[in-house]
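Student: sequence and predicted structure below; questions after.
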Amino acid sequence: MTSKQFTPTVELNPHSRTPDELDVILANPGFGNFFTDHMFLAKWTPDEGWAYPRIVPYGPLTLDPATAVLHYAQEIFEGLKAYAHEDGSVWLFRPEANAERMQRSSQRLALPELPTDWFVGSIKALIEADLAWVPRGDEKSLYIRPFMFASERFLGVRPSQHVTYGVIASPAAAYFPQGLKPVSIWLSTEYARAGAGGTGAAKCGGNYASSLLPQQEATAHGCAQVAFLDSSEQRWVEELGGMNLFFVQSDGSIVTPSLSGSILEGITRDSIITLAGDLGHEVVERRVSIDEWRSGTADGTITEVFACGTAAVVTPIASLKWDGGEAVSGDGEAGKITTEIRSALVDIQYGRATDRHGWMRPVQPA
Ligand code: PLP
Ligand code: COI
């Protein structure tokens, strides 16, 4: 089986939003609230491989109630952003890294791998159709959500023989409504996000489903996100429900939990490891215990804590809370090194700094 050549058909939406409607949406998009006029779809079967790539008007998918994904959650997704530069050109940040992560997620979820040229091509085709939706200025962006799911109508438990891949896009401002203000994080002591041998390193919907109850707990305690520990010892810091973690130490070095097999390999995490090195910081990937987080913020060895991810970009963490305690980091404002790293990253993404690592991919010229 070989996949067909990537030549998507295009069916334009006759009911696309008017420029005035779009202006209203783009002025205050929030995160994940509005979707562009089009979407990309393709399907896979064992006989044909990947086939029928197409841009169609955005709209509901009709699913048989016996569609496998609704029962066994064989589903993966990705998240990346398109950025408008000052000169009007539109760019993607490291899309091949997302393509490769989706291929790794496919392997773990027994889904077919989407070739990198299909992944990047599908995103470019959608942005070209919905170019007017890429917000300009203000550190806004177009959040792209590729996803793949088991679309076979069958209740036996085995990998689906019919798979759907889609891409939707949503104009985005800051993920957290308070913008760059440091957030509080809730430590989940009862629930784990993923376990050894599980799906934690894959970007699959099930990981997020299992994070929702502790996330609800976090919200009830006034926290923006939930922090998870490893499932076997409940000792090692893994990540947040939707972001990786970094700790800045008093000597200027930066520590991030090493990839344990149950942590998602964030592309922002990987980029920050490189950029922090460029900025002269020693970066160490190693295990970080929850005791180190608590005692380090108390005795000043840890001076700043931040979360990072495509949606969150770089978000300072003001405190970690748990039943009966709190570990406060910083003075309630974004720390100096957190701010420096955040700027280094977004300046590349928005074309204000030289892309020394060759991370940006043009979608549309100025
Ligand atoms: N960890 C989890 C669980 C996530 O959902 C995300 C977001 O995608 C990340 C980490 C950060 O990954 P990336 O930087 O590739 O967006
Ligand atoms: C992303 O950053 O792309 C994610 O998937 C995280 C999610 C919490 C929106």
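Tutor: Sure, I can see it. Ligands and ions are numbered 1, 2, ... in the order given.
Student: near ligand 2, which residues of the stretch 101-250 of the chain?
Tutor: Gly242 (CB under 6 Å from any ligand atom). C-beta here means a position set from N, CA and C on the backbone, and glycine is covered the same way.
Student: try 8 Å this time
Tutor: In this structure, the stretch 101-250 of the chain approaches ligand 2 at residues 143, 145, 175, 203, 208, 241-243, judged by CB under 8 Å from any ligand atom.
Student: which ones among those residues map onto helices?
Tutor: Mapping those onto helices (DSSP state H) picks out Tyr208.
Student: which SSE is Asp23 in?
Tutor: Following DSSP states H and E, one finds Asp23 within helix 19-27.
Student: write the ChimeraX selection for whichever of the residues of the stretch 101-250 of the chain next to ligand 2 are buried.
Tutor: In ChimeraX, a selection of the buried entries from these looks like this (16 or more other CB atoms under 10 Å):
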select :143,145,175,203,241,242,243
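Student: would you mind giving the residues of the stretch 101-250 of the chain next to ligand 2 as a markdown table with pLDDT added?
Tutor: As requested, these are exported to a markdown table (pLDDT from 0 to 100):
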| residue | pLDDT |
| --- | --- |
| Tyr143 | 98 |
| Arg145 | 98 |
| Tyr175 | 84 |
| Lys203 | 98 |
| Tyr208 | 97 |
| Gly241 | 95 |
| Gly242 | 96 |
| Met243 | 97 |
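Student: out of the residues of the stretch 101-250 of the chain next to ligand 2, which are close to ligand 1?
Tutor: With CB under 8 Å from any ligand atom as the criterion, these include 203, 208, 241-243 near ligand 1.
Student: for ligand 2, what's the nearest residue on the stretch 101-250 of the chain?
Tutor: Gly242 (2.6 Å; CB to the nearest ligand atom).
Student: do I have it right that that residue meets Ala311?
Tutor: Yes: if you go by CB atoms under 8 Å, Gly242 and Ala311 touch, sitting 6.5 Å apart.
Student: poorly predicted segments of the stretch 201-350 of the chain, please.
Tutor: Applying pLDDT under 70 to the stretch 201-350 of the chain picks out no residues at all.
Student: how about the residues of it near ligand 1?
Tutor: Within reach of ligand 1 by CB under 8 Å from any ligand atom, the stretch 201-350 of the chain has these residues: 203, 207-208, 211, 239-244, 263-271, 308-312.
Student: pull out the buried residues from those residues.
Tutor: Buried by 16+ other CB under 10 Å: 203, 207, 211, 239-244, 263-264, 266-269, 271, 308-312, out of these.
Student: among the residues you listed, name the ones in strands.
Tutor: Taking DSSP state E, the ones among these that sit in strands are 239-240, 244, 308-309.
Student: nearest to Asp278 among those residues?
Tutor: Cys308 (15.8 Å; CB to CB).
Student: okay, and the beta partners of that closest one?
Tutor: Asn244, Val314 (DSSP bridges).
Student: quick check: it touching Leu240?
Tutor: No: assessed by CB under 8 Å, Cys308 is found out of contact with Leu240, at 9.5 Å.
Student: report whether stretch 153-167 contacts ligand 1.
Tutor: No: Stretch 153-167 lies out of reach of ligand 1 by CB under 8 Å from any ligand atom, never closer than 15.4 Å.
Student: appreciated, that's everything.
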